[in-house]
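Student: how would this look folded up:
(chains A and B)
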Amino acid sequence: MKTKVILSILFFSSTVLSGYKFETILDDLDDAWSIVFLSEDKVLYTEMPGKLKIASLSDKTITNINNVPSVQYGGQGGLSEVVLDPDFKSNNMIYFSYSAKDKNGKSTLFLSSAELRENSLINTKVLFEAKAPRRSPVHLAAKIAFLKDGTILLASGDGFDHREQAQTLDNHFGKIIRINKDGSVPSDNPFINTKNALPEIYSYGHRNMQGLVVTSSGDIYEHEHGPRGGDEMNFVEPALNYGWPAITYGIDYSGAVISPFTEKEGMEQPLLHWTPSIAPSDMIYYEGSVYPELKNSFLVTALVSKDVKKVTFKDKVDNQESLFSELDIRLRNIQASPNGIIYLLTDGPKGKLIKVLPSE
Amino acid sequence: MNIAKYPFAILSAALFTVMLITPISSISNLIWLASADMPVGFITWIEVILFDFQRLGIALYAVVIIGFGIAFSVAGLISRYSSYSGKYLFAVAGAVAIGMALFLMVELLFLTYLLGGDRSIIGKILHCVAGFLGGYFFYSLVSVERSYTFIIRFLGVLYAYLILGSLLEWIFTPVNAAANFGFVLNDLSSAAQNALLRDFTSFFLAIFLFAIIGVVTLNPAWFFSASIIFIGAAIFNLVAIYIHGTEYNQIFITEFILGGWPAILGLIIILKKDKTKK
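Tutor: Numbers count the residues shown, from 1 in each chain, chains lettered A, B, ... in the order given. Predicted coordinates for the structure are as follows:
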């Protein structure tokens, strides 16, 4: 998989795999951003204004979680990703990312941990505050994933106005961060002994990462929004520079050139890039058995193309297919339940949680 | 002509100002790229500045037109009902219009800076200076009587400006240019790629140059030359569809429009010359 092959995908086939049924399980969700399964029946999910809730999928009851820290809601910020500790069953620990103001009144990204006990958060602790202050909460990324060694990866976006800082190591703009569960820095982080580099940095040169996956084999994949064009999917390795904004396949929203360069020695090429943009919003690596045709493939939700891209790799990008486009709705998040059933979270106010079932 | 003079002067001054503004973002970006050890050479400078002038410029053009429309109207009223008047009043109005436009773009777009060149103090100052010069240019256009050729020239420049985008794409980023035409360049054979690259580039270069020479000389033959190329493309597009059986491609509508535009300019020149002779 380490063979980096670029595939410039200018036009996607509109192939739609038929044979799926959709069932709306929850609706009226208020800007829901992230879901995680506590059991086959219960999901924990975030709403950007700062609500953390548990929903029962069978009786559709919703319970508010108390003691959630206040967040800065607005722009692209708010309560974002929530994940469970790999040992959640024994320690009830959860981890969540959010935007809030730092001590100087600037917006930045936070990662906290807490115990989830009787519908309340207790022993909440801020594990990480990004040194990435910005005027407004945009381009935060905020995705969280656990590595197999139990350390945490956190995607910290480029802050839009601070894109050039993704190329320097003295800040957390446009970086993937790696920390321990107690917030300390792992001793084997790649830049821990690099002068003027922040020790939490794992990789750099990223933009606004919205998908972060660690496969069962321990490989790390992320995808990130490009500007106009140049959405990327990358294979992440420590210490590597993914190039933003010095190399990119996109142009600025204004039409301006960000960089006329698409490659440079010492900067990684994406596994693939989506031009024009699909606005990838989340990603899982599906290893369940409910949908055999999706097994061992990446499923990428998209806001603009309003579908799920099934992406499979061998030595190169060998297949992409568009799934669920009949829903024709902006998709924010995708998760597989413990039994392998796929659930889709739609974007924005009045959001829905949609269960995807094989038709047979 | 007196009535038409003012809107066309605003459109011209706005285009002139956009021409001054866009390099501010381009250059600030190029300086950063060079500082990041990217191989920024002369061709890169040309490529980025021209692309930004065309693509970023089109986005900014509407903003500047609105800003100037309001600012120059207010300046006109002040000039009429006070002792303040003259070129510097309009120049200051232009600077204020650009400054206010930059401020509102940030405040209304999630407090983010859409223009790279607006992120520094010196960038902001340079933008306002461009607005100042734009206002000065506006005053110089309206302060003397203008003939119909002023409008012809403006419309010819605007036409060339629009064509410039396609020309730059075919020169610098032909893969993207091909994608805009609905095909993947790299899927074609080498010979086909070569043929398309040279033909398309020549096509847009010729039309761009004919339009510019037409603007300079006001000789209608140049405008008709540009027109013949585009209308020819439209006609042979239909031939390709209905005689050679290619897929329907509605771009012929755009081709007829872009062919008709310079033809009308050429016809106006001829008609006006005839009137003058009589």
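Student: does the most centrally placed residue in chain B sit in a helix or strand, and which one?
Tutor: The residue lying closest to the centre of chain B (Cα atoms, centre = their mean) is residue B:161, at 3.4 Å. Per DSSP states H and E: residue B:161 is located in helix B:148-172.
Student: so what does that helix touch, helix or strand wise?
Tutor: Judged by 3 or more Cβ pairs under 8 Å, 6 or more residues apart in numbering or on different chains; DSSP states H and E, helix B:148-172 is in contact with helix B:2-35, helix B:42-51, helix B:57-81, helix B:174-180, helix B:190-217, helix B:251-277. C-betas here are computed from N, CA, C, even on glycine.
Student: since we're on the residue of the stretch 201-350 of chain A found nearest chain B, how many residues are nearby?
Tutor: The stretch 201-350 of chain A approaches chain B most closely through residue A:255 (3.4 Å), counting by Cβ to the nearest Cβ. Neighbourhood size, residue A:255 [other Cβ atoms under 10 Å in any protein chain shown]: 18.
Student: Now do stretch B:171-190: distance from first to last residue.
Tutor: Using Cα to Cα, to the nearest Å, the span of stretch B:171-190 from its first residue to its last is 17 Å.
Student: If you count neighbours, what's buried in it?
Tutor: B:171-174, B:176-179, B:185 (16 or more other Cβ atoms under 10 Å in any protein chain shown).
Student: Columns pLDDT on top of these, output as JSON lines?
Tutor: Listed next are these as JSON lines, based on pLDDT from 0 to 100:
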{"residue": "B:171", "pLDDT": "94"}
{"residue": "B:172", "pLDDT": "91"}
{"residue": "B:173", "pLDDT": "87"}
{"residue": "B:174", "pLDDT": "90"}
{"residue": "B:176", "pLDDT": "82"}
{"residue": "B:177", "pLDDT": "87"}
{"residue": "B:178", "pLDDT": "88"}
{"residue": "B:179", "pLDDT": "81"}
{"residue": "B:185", "pLDDT": "87"}
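Student: Test my guess that residue A:213 contacts residue A:221.
Tutor: Yes: with contacts counted by Cβ atoms under 8 Å, residue A:213 reaches residue A:221, the gap being 4.9 Å.
Student: which residues do these two both contact?
Tutor: With contacts taken as Cβ atoms under 8 Å, 6 or more residues apart in numbering or on different chains, residue A:213 and residue A:221 have A:283, A:285, A:298 as neighbours in common.
Student: can you redo these as TSV with pLDDT?
Tutor: Formatted as TSV, those follow (pLDDT from 0 to 100):
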residue	pLDDT
A:283	98
A:285	97
A:298	96
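Student: I'd like to know which elements the helix or strand of chain B with the lowest mean pLDDT is packed against.
Tutor: Among the helical and strand segments of chain B, the one scoring lowest on mean pLDDT, DSSP states H and E is helix B:174-180, with a mean of 85. Judged by 3+ Cβ pairs under 8 Å, 6+ apart, the packing partners of helix B:174-180 are helix B:148-172, helix B:190-217.
Student: give me that answer again for 10 Å
Tutor: strand A:8-9, helix B:148-172, helix B:190-217 (3 or more Cβ pairs under 10 Å, 6 or more residues apart in numbering or on different chains; DSSP states H and E).
Student: Could you dump these into a markdown table with distance to residue A:230 added?
Tutor: Shown next, in a markdown table, are the helices and strands packed on helix B:174-180 (distance: least, Cβ to Cβ, whole Å):
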| stretch | distance to residue A:230 |
| --- | --- |
| strand A:8-9 | 10 |
| helix B:148-172 | 16 |
| helix B:190-217 | 23 |
